[in-house]
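> could you work out the structure for the sequence below:
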Amino acid sequence: MTNIDNIDRLLIGLLRKDARMPVATLAKKIQVSRATVQNRLAKLEKNGVITGYTVLVSAADNNDNAIKAIMCIELKGNSSQTVKAKLMSEPSVCAIHNTNGRWDMLVELQTNSLAEFDKILSRIRSVNEVAASETNMLLSSHRISAQQI
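Residues are numbered from 1 along each chain as shown. Prediction:
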């Protein structure tokens, strides 16, 4: 990371909570001018500290009727960034994991119906950079907390 100071850290922290926060609001919370915030954002983007802004989609873990699955993907060549970008546009994708071994990526999926599940699988399988895939539906899940260990 480049040299960042306390103002940059405060700015990054606020944007992590809400990347759509207006510049005027950021300036007021950090107690600097709007121009300072705009200049800092430009510097952080130029130096690669801030690489983008995003929307977080709820995984809706409380939906007991949701269809959940893990999709293992083998990629053609060095195309993980291209595939990741395509997967991130799919609301049914909850998480993307790059791995080593047989599969290049593990993708956590969640849908509300089998028809929707079929459509998402078809869309992912039709991505040119996907060489092969295997999908396993999750029948039940058990989270282990530190208290249970």
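
> please enumerate the strands of this structure.
Applying DSSP state E to the chain gives strands spanning 67-75, 93-98, 105-111, 130-137.

> and those strands as a markdown table, adding mean neighbour count and distance to Glu45?
Yep, even glycine has a C-beta here, placed from its N, CA and C like the rest. Shown next, in a markdown table, are the strands of the chain (neighbours: other Cβ atoms under 10 Å; distance: least, Cβ to Cβ, whole Å):
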| stretch | mean neighbour count | distance to Glu45 |
| --- | --- | --- |
| strand 67-75 | 19 | 29 |
| strand 93-98 | 15 | 23 |
| strand 105-111 | 20 | 27 |
| strand 130-137 | 14 | 31 |
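
> the domain parsing of the protein - what is it?
By the assignment in automatic domain parsing, the chain contains the domains 6-46, 67-137.

> got a markdown table for the ones you listed, with mean pLDDT and distance to Val55 too?
A markdown table is the format used below for those (pLDDT from 0 to 100; distance: least, Cβ to Cβ, whole Å):
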| stretch | mean pLDDT | distance to Val55 |
| --- | --- | --- |
| domain 6-46 | 92 | 8 |
| domain 67-137 | 93 | 10 |
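
> using a markdown table, please lay out these together with distance to Tyr53.
Listed next are these as a markdown table, based on distance: least, Cβ to Cβ, whole Å:
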| stretch | distance to Tyr53 |
| --- | --- |
| domain 6-46 | 4 |
| domain 67-137 | 13 |
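
> one step back: next, format the strands of the chain as a markdown table and append distance to Leu121.
Shown next, in a markdown table, are the strands of the chain (distance: least, Cβ to Cβ, whole Å):
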| stretch | distance to Leu121 |
| --- | --- |
| strand 67-75 | 7 |
| strand 93-98 | 11 |
| strand 105-111 | 8 |
| strand 130-137 | 6 |
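
> many thanks, we can stop here.
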